[in-house]
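Asks: Could you work out the structure for the sequence below:
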Amino acid sequence: MLGIDNLIVKYGAAYALKGISLNVNDGEFVSIIGPNGAGKTTLLRAISRLVPITSGAIIFAGERIDHLEPGLVVRRGIIHVPEGRKLVGTASVLDNLKLGAYLQWSKIKDNLPSVYEMFPILGERKKQQSRTLSGGERQMLAIGRALMGNPKLLLLDEVTFGLAPKVIDFIGSKLKELHKLQIGILLAEQNAELALTLSDRCYVIEHSGISKMGIASELRDDPEIRAAYLGI
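Replies: Numbering: from 1, shown residues only. Now for the predicted structure:
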């Protein structure tokens, strides 16, 4: 589904990403872990075409997309849930969800019930301004907004940051449900325990490059990963 080959992103003389190569197969759940500043967010933003790339190729469904505008990437089926959620705070929950459906307007009546079934609180609070929601509810809304666009591949950036453990468990259970629906997922996450538990495969980004990769359950047993990211 998604293939990235030798991707380089530079800000001036500084490398934000240095020769990143990875792939996500159809319906696969892949995670990216690493310390703050390693390049996880930049990678997702490069895929979404929100930051310019210096060199390398991004291929989705057999076509190069690294030359496209962000809106055309969304049209291909790649939908990004950004760090910080980026909701319209003064708009209602329902209107934020509708924003996610701007390319799938004819399917809005089908998609809304599915989102409300996954996140019932959004249906209960559909008339509230999004800024009145709790942090966990805003994260549910950000994911729900993405689902309104019928994604083929979801890019998820730090979806558990700042959330209470109980809410993290709930969000994790919903990501499992999405995986069962065969939606491709690329998750960039500080919570390595969650990422390695949920995903099929994982890439570790350190110092702007990939330092390790492999099956998530095997990486979870790697002594270096356990010491650096799991506190074990």
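Asks: which residues of the chain score low on pLDDT?
Replies: Residues of the chain meeting the criterion pLDDT under 70: 232.
Asks: Domain map for this protein?
Replies: 1-77+152-232, 86-150 (automatic domain parsing).
Asks: roughly how far is the first one from the heart of the chain?
Replies: Taking Cα atoms, centre = their mean, to the nearest Å, one finds domain 1-77+152-232 lying 7 Å from the centre of the chain it belongs to.
Asks: could I get the domains of the chain as JSON lines with mean neighbour count?
Replies: The way it works is simple: take the backbone N, C-alpha and C, and place the C-beta from them, glycine included. Output for those, formatted as JSON lines (neighbours: other Cβ atoms under 10 Å):
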{"stretch": "domain 1-77+152-232", "mean neighbour count": "18"}
{"stretch": "domain 86-150", "mean neighbour count": "17"}
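Asks: From the chain's centroid, how far away is stretch 79-90?
Replies: Chain-centre distance of stretch 79-90: 11 Å, with Cα atoms, centre = their mean.
Asks: measure that stretch end to end?
Replies: 22 Å (Cα to Cα, to the nearest Å).
Asks: likewise stretch 1-20?
Replies: End to end - Cα to Cα - stretch 1-20 spans 17 Å.
Asks: go on, stretch 138-155?
Replies: End residues of stretch 138-155 are separated by 17 Å (Cα to Cα).
Asks: any idea which element residue 108 lies in?
Replies: If you go by DSSP states H and E, residue 108 is part of helix 108-118.
Asks: swap that for residue 186, sorry
Replies: Here residue 186 sits within strand 184-188, counting by DSSP H and E.
Asks: For that strand, which outside residues touch it?
Replies: Residues outside strand 184-188 that contact it (Cβ atoms under 8 Å, 6 or more residues apart in numbering): 1-2, 24-33, 40-41, 43-44, 47, 151-159, 175, 178-179, 195, 198-199.
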